[in-house]
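Enquirer: here are the coordinates; sequence isn't available:
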């Protein structure tokens, strides 16, 4: 019985994550208030290094194996995470661009980095944003 | 190690020392591949740069397997450095075969990027990523298209300008440098070509879901290597001794010196929901007799069904010219004459159908299976290696099977 409950809990957690809206957050001091989906695509796919206000971007990825990373890229690009990783492998190993940083292991660490780094941009579950030090500039709905 | 290479390495390594405090990132890519062929008379090579070949009854790990190790260092927001070493079966293991990238990159803003050092000129869609199999659909780049094109690197600079326009980015790139190529060769062991001046210019419009690209490149100011020069001297000596005028012509044609190769290419790719299409066409012209004018093209379609990606590719390459003796050589020079003609008459004329599947079975790992059916025209075996130093006669049909486990880390 305990095993079934555990599996059900995991399933519901995954379903919740897969269905949650994803908020795009930047540092509170960033002059940008709204970001278009195209601008976000350009930033996360290595096609732009600055926000529209010319401030340099420092995009941050969620951990490689996280469900939200899969959801984010599917919603942003319409492609699978494997396709996105293959795309980045080409840019990285031809020495043309470096992919977004993904060294942060937890959501709290990512939000702390965005709160302290004026250039940072990240994607997080929409219901996790409760800090005044970051602001939401776009929501990718389910 | 050449002087230019030494300067490049010294600059890049000193950048890494300066960046040590900001962090240096280590990463890599690789493939473990196996290839087998049905032909007993033609040895399969992925490209003419391959040191070995595969014929019926053989399987080879060397043709597709590669390990690439890369270090990246960011010095500041505008300046970074990269070094990449690749380890694979090569004609000679030396700095030219191992050091793939060693460059300092300067981006003053979003629009401009300038790289100095060793980079891969982007003449074709896969020019600089042909070894990064994980990033490509196939087990190997299309042999008919990429087999004869083996400029692996250029020591020099490249400049890229990007302009955000409409739904995409318009990129204009110019690169210039020198390069050296090494071929496996039973006579010259190996044959080396040095091209002192290689330029590539490309314009592409990248709308993410589709991309169009046009490029022009030339390579000129070739240098003959010592072994080639001594063979030319022998031809000249025999020509004088036997009053053999065709021998003098052979000696003149058997040269890279002052030669020039021009490439034009058009390519594109697009995604329509689950369907991905990739196609390229190139035209090559040359005044080097080793490299006659040729045309090559391919079209490939892939369907993305979650982690499974079946694909099909049609490709063809055609070389119109052939090189022939104008008069029979004197008996004493016959062996040398026919050897020289075999070099100068390096024709490629073949077409292929490839069917394969890519399986992304885990994070940053993919397994690919591919079957190629190739039809090679009589005497146009330039992409193949002879088995037991002899080529067959007549049109040949060959099946090539490849499997590759590709990964990045």
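Expert: Looks like it arrived, so ask away. Just so it is clear, the model here is predicted, and its values are computed rather than measured. Numbering: from 1, shown residues only, chains lettered A, B, ... in the order given.

Enquirer: state the next helix or strand along the chain beyond the helix or strand of chain B with the lowest mean pLDDT.
Expert: The least trusted helix or strand in chain B, going by mean pLDDT, DSSP states H and E, turns out to be helix B:3-19, with a mean of 71. Per DSSP states H and E, the first helix or strand lying C-terminal to helix B:3-19 is strand B:24-37.

Enquirer: partners of that next one in the sheet?
Expert: In the sheet containing strand B:24-37, its partner strands are strand B:59-60 (antiparallel), strand B:66-74 (antiparallel), strand B:396-408 (antiparallel), by DSSP bridges.

Enquirer: as CSV, those with mean pLDDT, mean neighbour count and distance to residue A:134 would be great.
Expert: (Each C-beta comes from the backbone N, C-alpha and C, glycine too.) Formatted as CSV, the strands paired with strand B:24-37 follow (pLDDT from 0 to 100; neighbours: other C-beta atoms under 10 Å in any protein chain shown; distance: least, C-beta to C-beta, whole Å):
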stretch, mean pLDDT, mean neighbour count, distance to residue A:134
strand B:59-60, 84, 16, 54
strand B:66-74, 94, 19, 24
strand B:396-408, 96, 20, 31
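
Enquirer: could I get those as a markdown table with distance to residue A:67?
Expert: A markdown table is the format used below for the strands paired with strand B:24-37 (distance: least, C-beta to C-beta, whole Å):
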| stretch | distance to residue A:67 |
| --- | --- |
| strand B:59-60 | 40 |
| strand B:66-74 | 28 |
| strand B:396-408 | 21 |
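
Enquirer: ok, and does the least confident helix or strand of chain B reach over to chain A?
Expert: No. Using C-beta under 8 Å from any C-beta of the partner chain, helix B:3-19 never reaches chain A; the gap is at least 10.9 Å.

Enquirer: quick check: bridge partners of the residue positioned nearest the centre of chain A?
Expert: With distances taken as C-alpha atoms, centre = their mean, residue A:123 lies nearest the centre of chain A, 2.9 Å away. Legend: beta-bridge partners of residue A:123 under DSSP bridges are residue A:24.

Enquirer: which bits of chain A sit near chain B?
Expert: So chain A meets chain B at A:38, A:41-42, A:45, A:47-50, A:56, A:64-65, A:77-83, A:85-87, A:89-90, A:92-96, A:98 (C-beta under 8 Å from any C-beta).

Enquirer: pretty sure the residue nearest to the centre of chain A contacts residue A:24?
Expert: Yes. Between residue A:123 and residue A:24 there is a contact under C-beta atoms under 8 Å: 5.4 Å.

Enquirer: what do these two both touch?
Expert: Contact criterion C-beta atoms under 8 Å, 6 or more residues apart in numbering or on different chains; residues shared by residue A:123 and residue A:24: residue A:140.

Enquirer: give me the below-cutoff pLDDT ranges for the stretch 251-400 of chain B.
Expert: Scanning the stretch 251-400 of chain B for pLDDT under 70 picks out the ranges B:320, B:389.

Enquirer: could I get the full set of helices for it?
Expert: Applying DSSP state H, counting those that start in this stretch to the stretch 251-400 of chain B gives helices spanning B:334-344.

Enquirer: in it, what residue lies closest to chain A?
Expert: Across the stretch 251-400 of chain B, no residue is closer to chain A than residue B:360, which sits at 3.7 Å (C-beta to the nearest C-beta).

Enquirer: returning to what we had before: just the buried ones among the residues of chain A next to chain B, please.
Expert: A:42, A:45, A:47-50, A:77, A:79-83, A:85-87, A:89-90, A:92-96, A:98 (16 or more other C-beta atoms under 10 Å in any protein chain shown).

Enquirer: excluding chain neighbours, what is closest to the residue of the stretch 251-400 of chain B closest to chain A?
Expert: Once flanking residues are discounted, residue B:360 sits nearest to residue A:82: 3.7 Å by C-beta to C-beta, 6 or more residues apart in numbering or on different chains.

Enquirer: just to revisit the earlier point, tell me who's in contact with the residue nearest to the centre of chain A.
Expert: Contacts of residue A:123 (C-beta under 8 Å, 6+ apart): A:22, A:23, A:24, A:25, A:62, A:68, A:72, A:140.

Enquirer: returning to that earlier point: report all helices and strands that the least confident helix or strand of chain B contacts.
Expert: strand B:66-74, strand B:79-88, strand B:99-106, strand B:112-119, strand B:154-165 (3 or more C-beta pairs under 8 Å, 6 or more residues apart in numbering or on different chains; DSSP states H and E).

Enquirer: contacts only, for residue B:251.
Expert: By C-beta under 8 Å, 6+ apart, the contact set of residue B:251 is B:232, B:233, B:235, B:236, B:239.

Enquirer: near chain A, which residues of the stretch 151-300 of chain B?
Expert: Counting by C-beta under 8 Å from any C-beta, the stretch 151-300 of chain B comes close to chain A at B:162, B:164, B:167, B:169, B:206, B:208, B:209, B:271.

Enquirer: cool, the stretch 1-150 of chain B as well?
Expert: For the stretch 1-150 of chain B, the contact set with chain A under C-beta under 8 Å from any C-beta comprises B:25, B:27, B:29, B:68, B:70, B:72, B:74, B:77, B:80, B:82, B:84, B:101, B:103, B:105, B:107, B:109-110, B:113, B:115, B:119-120, B:128-129, B:132, B:134-136.

Enquirer: list the residues that contact the residue nearest to the spatial centre of chain B.
Expert: Nearest to the mean C-alpha position of chain B, counting by C-alpha atoms, centre = their mean, stands residue B:150 at 2.6 Å. Contacts for residue B:150 (C-beta under 8 Å, 6+ apart) come out as B:47, B:48, B:49, B:181.

Enquirer: tabulate those residues (a markdown table), appending pLDDT and distance to residue B:345.
Expert: Below are the contacts of residue B:150 laid out as a markdown table (pLDDT from 0 to 100; distance: C-beta to C-beta, whole Å):
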| residue | pLDDT | distance to residue B:345 |
| --- | --- | --- |
| B:47 | 84 | 19 |
| B:48 | 80 | 15 |
| B:49 | 78 | 20 |
| B:181 | 79 | 20 |
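
Enquirer: now which of those residues would you call buried?
Expert: Buried by 16+ other C-beta under 10 Å: B:47, B:48, B:49, B:181, out of the contacts of residue B:150.

Enquirer: now secondary structure too, for the residues you listed, in JSON lines please.
Expert: Below are those laid out as JSON lines (DSSP: H, G, I helix; E, B strand; the rest coil):
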{"residue": "B:47", "secondary structure": "coil"}
{"residue": "B:48", "secondary structure": "coil"}
{"residue": "B:49", "secondary structure": "coil"}
{"residue": "B:181", "secondary structure": "strand"}
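
Enquirer: closest one of those to residue B:141?
Expert: residue B:47 (7.8 Å; C-beta to C-beta).

Enquirer: who touches the closest residue to that closest one other than its chain neighbours in this structure?
Expert: Counting by C-beta to C-beta, 6+ apart, residue B:147 is the residue found nearest to residue B:47 once chain neighbours are left out, at 4.5 Å. By C-beta under 8 Å, 6+ apart, residue B:147 lies in contact with B:45, B:46, B:47, B:48, B:317, B:348, B:383.
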